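*Asks:* Predicted model, plus sequence, below.
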Amino acid sequence: MAQAMRPNTAGGLFATDGKPHPLQDTLLAVTLVLGLTAFISAQFHHLHLLSSWTGLIGILTGAYGQWISVTTRERFGLILGLGLSAVGFFLGMAHGGLFGGVVD
């Protein structure tokens, strides 16, 4: 029963390879917060500046986080944040864009 001797690495929310990854965890948290902000604010037409800018910044931080990520769990959270950021960015662009243009 060799599998009984393997350590359990599936536990914990930010389970990693046993090493700390503070930059990756910070980028993950920032991307998720920006993604949620962009997605929620995109539901309101008059908040298009907030949704488009937070979406754009969330896409950039998420892309950099994906580039330097180490574990699968970091990548999973970054993909969620990237998706929310992208939807918020595109809806913000459709509602008026980055610089306040009015779309009827």
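*Replies:* That came through fine.
*Asks:* Could you check which helix or strand contains the spatially most central residue of the chain?
*Replies:* Residue closest to the average C-alpha location in the chain (C-alpha atoms, centre = their mean): Gly81, at 2.1 Å. Assigned by DSSP states H and E, Gly81 falls within helix 72-95.
*Asks:* Quick check: the nearest residue to Ala38 once chain neighbours are set aside vs Phe44, distance?
*Replies:* Counting by C-beta to C-beta, 6 or more residues apart in numbering, Ala38 lies nearest to Gly88, which is 2.5 Å off, once chain neighbours are set aside. (Each C-beta comes from the backbone N, C-alpha and C, glycine too.) Distance, Gly88 to Phe44, by C-beta to C-beta, to the nearest Å: 11 Å.
*Asks:* repeat for Ile57
*Replies:* 19 Å.
*Asks:* ok so, going back, in contact with the residue nearest to Ala38, which residues?
*Replies:* By C-beta atoms under 8 Å, 6 or more residues apart in numbering, the contact set of Gly88 is Gly35, Thr37, Ala38, Phe39, Ile40, Ser41, Ala42, Ser51, Ser52, Thr54, Gly55, Gly58.
*Asks:* which among these gets closest to Ile68?
*Replies:* Gly58 (16.1 Å; C-beta to C-beta).
*Asks:* can I assume the closest one is in contact with Phe90?
*Replies:* No: Gly58 is beyond contact range of Phe90, at 12.0 Å (criterion: C-beta atoms under 8 Å).
*Asks:* quick one, which of those two is more surrounded?
*Replies:* Between Gly58 and Phe90, Gly58 has the larger neighbour count (other C-beta atoms under 10 Å), namely 28 against 15.
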